[in-house]
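S.K.: give me a model of this one.
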Amino acid sequence: MSAIIPQRPRVLNTGKIRISIVAAQFNAEFTDALVENAVEEIGNITENPKVDLVRVPGAFEIPVVIKTLIQEEAPDCVIALGCIIRGGTGHADLIATSVTNTLQQLALEFSTPIIHEVLLVEDEKQAYTRCIGEKLNRGREAARSAVNVIEVMNEIKKTTQSLRLHPSNA
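M.R.: Okay, the predicted model is just below:
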């Protein structure tokens, strides 16, 4: 796992961008911090973003809500936020694997970027470091990744549109 987060991208003014955040309520101390950091960072690196926040009971409910948001709202990108802390059983691993696989399937099915920051951590110390701490803050990382991938997707759309309008340039 990386010990640093990506650098902040330049401020974008590509017009309105719409980012949906779906965050678990479970382990609220940590997920609330992820949400706060992500929203703040989006505001720092974009002009006039539209950020929709939807809270769900736990990590397992995140994928179905993301699917519905993509179908109904068509955001430019979705950020999935949650914090799963391992316990004495394998339940956390089952949830984390299911969420990870389903988020990837949804991103591919709908060609909508989904930033996966549903964290699986060993203990509260790791959760604190990644959700509340300054150095490895995954909320800020999620925001930076979202803005970067929106920019990439917009460039692909512009290129594709240009090729459709001017097929002789291909």
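S.K.: all strands for this protein, in order.
M.R.: Under the criterion DSSP state E, the chain contains strands at 18-24, 50-56, 77-85, 114-121.
S.K.: of those strands, which is nearest Val99?
M.R.: With C-beta to C-beta as the measure, strand 114-121 is the member of those nearest Val99 (5.1 Å). Where C-beta positions appear, they are placed from N, C-alpha and C, glycine not excepted.
S.K.: touching that closest one from outside, list them.
M.R.: 24, 30, 34, 38, 59, 62, 66, 77-86, 92-93, 96, 99-100, 103-104, 106-107, 127, 130-131, 138-139, 141-142, 145-146, 149 (C-beta atoms under 8 Å, 6 or more residues apart in numbering).
S.K.: for the record, mean pLDDT for stretch 131-150?
M.R.: Mean per-residue pLDDT for stretch 131-150: 94.
S.K.: chain center to that stretch, what's the gap?
M.R.: Relative to its chain's centre, stretch 131-150 lies at 8 Å (C-alpha atoms, centre = their mean, to the nearest Å).
S.K.: ok, stretch 98-113 next?
M.R.: 11 Å.
S.K.: that one: which residues count as buried?
M.R.: Across stretch 98-113, burial judged by 16 or more other C-beta atoms under 10 Å covers Val99, Thr102, Leu103, Leu106, Ala107, Thr112, Pro113.
S.K.: surely the first one meets Ala80?
M.R.: Yes: applying C-beta atoms under 8 Å as the test, Val99 and Ala80 come out as touching, 7.4 Å apart.
S.K.: which residues do those two both contact?
M.R.: In contact with both Val99 and Ala80: Ile62, Pro63, His116, Val118, using C-beta under 8 Å, 6+ apart.
S.K.: so which of those residues comes closest to Ile17?
M.R.: The nearest one, if we look at these relative to Ile17 and count by C-beta to C-beta, is His116, at 19.0 Å.
S.K.: so what's the residue count around that closest one?
M.R.: His116: 18 surrounding residues under other C-beta atoms under 10 Å.
S.K.: distance check, it against Gln161.
M.R.: 28 Å (C-beta to C-beta, to the nearest Å).
S.K.: next: Ile85.
M.R.: Between Ile85 and Gln161 the computed distance is 45 Å (C-beta to C-beta).
S.K.: check Ile42 too.
M.R.: 26 Å.
S.K.: comparing Ile85 and Gln161, which residue is more hemmed in?
M.R.: More neighbours surround Ile85 than the other of Ile85 and Gln161, with 16 against 10 (other C-beta under 10 Å).
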